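Asks: Need a 3D model of the sequence below.
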Amino acid sequence: MTVDAVANEFVSFEHPDWSFGFDMDRDAARQSRERLLERAVDEDAKLLGFHWSYPGVGTIARQGEAYRFTAIGEAVS
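Replies: Purely as a prediction, here's the structure:
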């Protein structure tokens, strides 16, 4: 579960270095987000995001310096 480390399924995966207004400590939030995403890729983990589009569950892959989210049931291209 990502809780609020990855608040937006589009922006947070494409720009994990960007901060959100709710990041109390922007540097720590960015570092936590990047570590979480790297670990999810390394472990091929399924992620759950409460604020993501239905179904809110999927996997990620590295895409350059960003990440690509694939929802469960969505075809990988």
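Asks: quick one: contacts for the residue nearest to residue 60 when sequence neighbours are not counted?
Replies: Take residue 60 and drop its neighbours on the chain: the residue closest to it by CB to CB, 6 or more residues apart in numbering is residue 67, 4.6 Å away. (C-beta placed from N, C-alpha, C; glycine too.) Residues in contact with residue 67 (CB atoms under 8 Å, 6 or more residues apart in numbering) are 13, 14, 16, 37, 41, 60, 61.
Asks: so which two of those are the farthest from each other?
Replies: 14 and 41 (14.6 Å; CB to CB).
Asks: how about the nearest residue to residue 9, chain neighbours excluded?
Replies: With CB to CB, 6+ apart, the residue lying closest to residue 9 is residue 52, at 4.2 Å.
Asks: and that neighbour, what pLDDT?
Replies: Listed pLDDT for residue 52 reads 87.
Asks: ok, residue 38 to residue 21 distance?
Replies: Distance of residue 38 to residue 21, given as CB to CB, to the nearest Å: 24 Å.
Asks: I meant residue 2, not that one.
Replies: Distance of residue 2 to residue 21, given as CB to CB: 17 Å.
Asks: and what of residue 15?
Replies: For residue 15, the distance to residue 21 - CB to CB - is 15 Å.
Asks: the helices in the protein, which residues?
Replies: Taking DSSP state H, the helices of the chain run over residues 11-14, 26-42.
Asks: buried stuff in the longest one?
Replies: Residues of helix 26-42 classed as buried by neighbour count (16 or more other CB atoms under 10 Å): 29, 30, 33, 36, 37, 40.
Asks: Correct me if wrong: the fifth one contacts residue 17.
Replies: Which is residue 37. No: at 10.8 Å, residue 37 does not count as touching residue 17 under the criterion of CB atoms under 8 Å.
Asks: Grab the nearest non-local neighbour of residue 71.
Replies: residue 58 (4.1 Å).
Asks: For the one you found, give me its contacts.
Replies: Residue 58 neighbours (CB under 8 Å, 6+ apart): 46, 47, 69, 70, 71, 72, 74.
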